[in-house]
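# Just to be clear, the model below is a prediction. Sequence and coordinates:
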Amino acid sequence: MAFSDAAAEVLLKNSARMTKPRQVILRCFDRVSAPLSVPEIIEKVCGKGRKSSSIDPVSVYRTIDLLTRLRLLHRVAPTGGYLPCKHTKCGIEHHVLMSCRKCQKVDEVGVPEAMIRSLHWYLQEHLNFCSDPHVVQVSGICGKCQKN
């Protein structure tokens, strides 16, 4: 199932209207392999000239905010770009975003809840830091870059 189809289902379940601009924004994430910045998203959905589309950039910002709150998009550090969630049941699974410092590729993987729960517990109890229970980001070097 394409990201846009899965995300549309979640939006409808959350009583969000499925407007034409939202459909266009969702489709721009269907074949994304690297995080997109908001300006990149605006360029993809509005074109280079604002006159080429009826989608207002403010609608793009609002839609990105909604998709992030519904955990359909992940904001990736350090760039601040957005990546579509590969898992449609984000309320259940925990994710790790692995960012390669060399090739900039970001992979999302599900991890056992017990591992993530231990990490979140440690951060809260020993460092007084309340982390996002949904996603953890790790920076490093991917296997492909290690071989090169």
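Everything's here; your move.
# so what's Lys89 scoring on pLDDT?
Lys89 is assigned a pLDDT of 55 by the prediction.
# scratch that, Ile41
What the model reports as pLDDT for Ile41 is 93.
# can you tell me the helix or strand for it?
Secondary structure assigned from DSSP states H and E places Ile41 in helix 38-46.
# Show me which positions of that helix end up buried.
By neighbour count with 16 or more other C-beta atoms under 10 Å, helix 38-46 contains the buried residues Ile41, Ile42, Lys44, Val45, Cys46. The C-beta positions use only the backbone N, C-alpha and C, and glycine is treated the same way.
# close enough to count as contact, the last one and Pro57?
Meaning Cys46. Yes: under the criterion of C-beta atoms under 8 Å, Cys46 lies in contact with Pro57, with a separation of 6.6 Å.
# Spatially nearest residue to Cys103 (excluding sequence neighbours)?
Using C-beta to C-beta, 6 or more residues apart in numbering and skipping the chain neighbours, the partner closest in space to Cys103 is Cys145 (5.4 Å).
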